[in-house]
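Novice: Sequence plus the predicted model coming up.
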Amino acid sequence: MKYKAKNIYPSSNTKKISLSFLLSSIIILGIFSANQSLGKAYSVGGNKTNIPYVGVNMRGYYTSVTQIKNSTSHLPVNYYDDSFRLISQAGMNHVRYVFFWESYVKNPSAFIQELTDVARAGDKWGIHILYDNHQFHTSSWLNPQRGTGFPSFLFSDNSTYSYGSGGGPKYETAKIWWNAWWNRAIKDSKGTDGWTLLADFLKNIVNTVDKNKSTLGYEIVNEPQVHSDDQWQKVGTFNTFMVNALRQVTQKTIAYSQQIPSSPNDPTIDLTSENMAKMAPNDKNNVVFKVSSGYGVPTPGSFFEKRLNIYAKAAQLAGVPLYVGEWNKVTRQKTTNEENQTSFEINPDISDITQAEANMIVQKFKEMNVWGMTYWLWNFRTNDIPNFNLITVGPGGHIQPTKYFSVVQNAYHDVFGIPTGNTTQSVATVQ
């Protein structure tokens, strides 16, 4: 079921071509290239096969802890070696590895050592790793219950960003902070701006893993927040700054991310492909546009199909490949919290994904000719949403793939014809 890009070049044996035919060919070729810009995807980052990067998101331990909470969990022994073995045996070639800036600040040495272990395991099992600088609800400083991302020193010295005041898109504190971030007005106590501090942090990541053959590239920051239409271009300026800074130390793939809020119906921003294309950096060499699928099935005419089409056109306008960094399927229900605020939250009891749905999602990605895709999530910690975790760790410390790992494995196999091995054996123990 492998597929190849069409040959868009005329035969070298052609000796005589009329001027009018040549001009027509150039015009047609230009139109074809614009419409098929994502076809460059499989040569980006060194992937020379006809199969895109297919795999899972993965979280670790020291690279995922918050500054606010102390964790009592333990990383399973040989977690990375055994995890990458299972992923590789399932026919997958890719991991998007999630880490947080505030985790590095909390314990730099343990953070870097864990990244080193990740890269070595990836080398051993032939997994291509994209290192994702993740944020969710901005920071644990703003959201101690659920947030992780930016370190507390970017908030604690300013009374505007009070502890626990909210880091999600609906909170005023988050809106103020992100507006300041795009204006390059966030600084530490020494007066160094946040963009420079982030670039220096990511350079530490590059210096740790860039030499490893498993390293595919780096994501600047996951799902930054945009709260007004004048910020689209500012995000592009930020991404240009970050790409230029990272190109001083690496030539590997760099991913820039879609924004949140991300609903086409959101009244605060004009979510169009043209606006999203403004987020692209000036230097687009070996750069990809990372998006999330919306955690739903993109059936014809659905919200999820509409959202993916907006992303695809934005990537086309920017002239970069599209990378679906997160896909899954959940069910949301309207809820009202203790502050009398209404939102649509995931209902764990009724969230699920079937084999047919997974196949439909992956088939859509294939039709879109995406550069890569990763399912959310491979994590040794438990999750209230069953299909948000591809493994469990039993009482004896054994890692066991869940039924959802088979669903993901089968979807990649059914759509791309990827051969798979046995993934049912329990492995690893907890320290």
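Specialist: Sure, I can see it.

Novice: For the rest of this, base every contact and every neighbour count on C-alpha atoms.
Specialist: OK.

Novice: mind listing what the residue nearest to the spatial centre of the chain touches?
Specialist: Note on the chain: the residue nearest the mean C-alpha position is residue 325, at 3.5 Å, using C-alpha atoms, centre = their mean. By C-alpha atoms under 8 Å, 6 or more residues apart in numbering, the contact list for residue 325 reads 57, 96, 290, 291, 292, 372, 373, 374, 375.

Novice: same question, residue 244
Specialist: Counting by C-alpha under 8 Å, 6+ apart, the residues that residue 244 touches are residue 283.

Novice: element containing it, please.
Specialist: helix 231-246 (DSSP states H and E).

Novice: distance between that helix and the chain's centre?
Specialist: 17 Å (C-alpha atoms, centre = their mean, to the nearest Å).

Novice: Extract the C-alpha set from it and format it as PDB.
Specialist: Below are the C-alpha coordinates for helix 231-246, written out as PDB (Å, rounded to 0.1, in the frame of the first residue of the first chain):
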ATOM      1  CA  GLN A 231      -0.600  38.500  17.100                       C
ATOM      2  CA  TRP A 232      -0.500  36.100  14.100                       C
ATOM      3  CA  GLN A 233       2.400  38.000  12.600                       C
ATOM      4  CA  LYS A 234       4.100  38.400  16.000                       C
ATOM      5  CA  VAL A 235       4.100  34.600  16.300                       C
ATOM      6  CA  GLY A 236       5.800  34.500  12.900                       C
ATOM      7  CA  THR A 237       8.400  37.000  14.100                       C
ATOM      8  CA  PHE A 238       9.000  34.800  17.200                       C
ATOM      9  CA  ASN A 239       9.300  31.700  15.100                       C
ATOM     10  CA  THR A 240      11.800  33.400  12.800                       C
ATOM     11  CA  PHE A 241      13.900  34.400  15.800                       C
ATOM     12  CA  MET A 242      13.800  30.900  17.200                       C
ATOM     13  CA  VAL A 243      14.700  29.200  13.900                       C
ATOM     14  CA  ASN A 244      17.600  31.600  13.300                       C
ATOM     15  CA  ALA A 245      18.900  30.900  16.800                       C
ATOM     16  CA  LEU A 246      18.600  27.200  16.500                       C
END
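
Novice: Distance check, the residue nearest to the centre of the chain against residue 257.
Specialist: To residue 257, residue 325 is 9 Å away according to C-alpha to C-alpha, to the nearest Å.

Novice: Repeat that for residue 419.
Specialist: Taking C-alpha to C-alpha, one finds residue 419 at 31 Å from residue 257.

Novice: More neighbours: those two, which one.
Specialist: Neighbours were counted for residue 419 and for residue 257 using other C-alpha atoms under 10 Å; residue 257 has more, 25 against 14.

Novice: who does that one bridge with?
Specialist: On the basis of DSSP bridges, residue 257 is bridged to residue 290.

Novice: what residues are up against it?
Specialist: 219, 220, 221, 222, 223, 224, 289, 290, 291.

Novice: could you pull out the strands for this structure?
Specialist: 53-59, 76-77, 94-99, 128-133, 215-219, 253-257, 287-292, 322-327, 332-336, 342-346, 372-378, 391-393, 399-401, 429-430 (DSSP state E).

Novice: Show me what the first one is in contact with.
Specialist: This points to strand 53-59. 47, 87, 92-99, 128, 325-326, 371-380, 412.

Novice: got any ranges where the stretch 251-400 of the chain has weak pLDDT?
Specialist: For the stretch 251-400 of the chain, applying pLDDT under 70 flags the ranges 337-343.

Novice: quick one: residue 136 and residue 405, what's the gap?
Specialist: On the measure of C-alpha to C-alpha, residue 136 and residue 405 end up 24 Å apart.

Novice: neighbour-wise, which of those two wins?
Specialist: residue 405 (24 against 18).

Novice: What count of nearby residues applies to the closest residue to residue 391 other than its chain neighbours?
Specialist: Spatial nearest neighbour of residue 391, chain neighbours left out: residue 401 (4.2 Å); criterion: C-alpha to C-alpha, 6 or more residues apart in numbering. Using other C-alpha under 10 Å, residue 401 has 22 neighbouring residues.

Novice: Could I get the pLDDT score of residue 401?
Specialist: At residue 401, the model reports a pLDDT of 97.

Novice: re earlier: mind putting the contacts of residue 257 into JSON lines with distance to residue 251 and neighbour count?
Specialist: Converted to JSON lines, the contacts of residue 257 look like this (distance: C-alpha to C-alpha, whole Å; neighbours: other C-alpha atoms under 10 Å):
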{"residue": "219", "distance to residue 251": "13", "neighbour count": "24"}
{"residue": "220", "distance to residue 251": "14", "neighbour count": "23"}
{"residue": "221", "distance to residue 251": "18", "neighbour count": "23"}
{"residue": "222", "distance to residue 251": "20", "neighbour count": "25"}
{"residue": "223", "distance to residue 251": "23", "neighbour count": "22"}
{"residue": "224", "distance to residue 251": "23", "neighbour count": "21"}
{"residue": "289", "distance to residue 251": "16", "neighbour count": "30"}
{"residue": "290", "distance to residue 251": "18", "neighbour count": "26"}
{"residue": "291", "distance to residue 251": "22", "neighbour count": "26"}
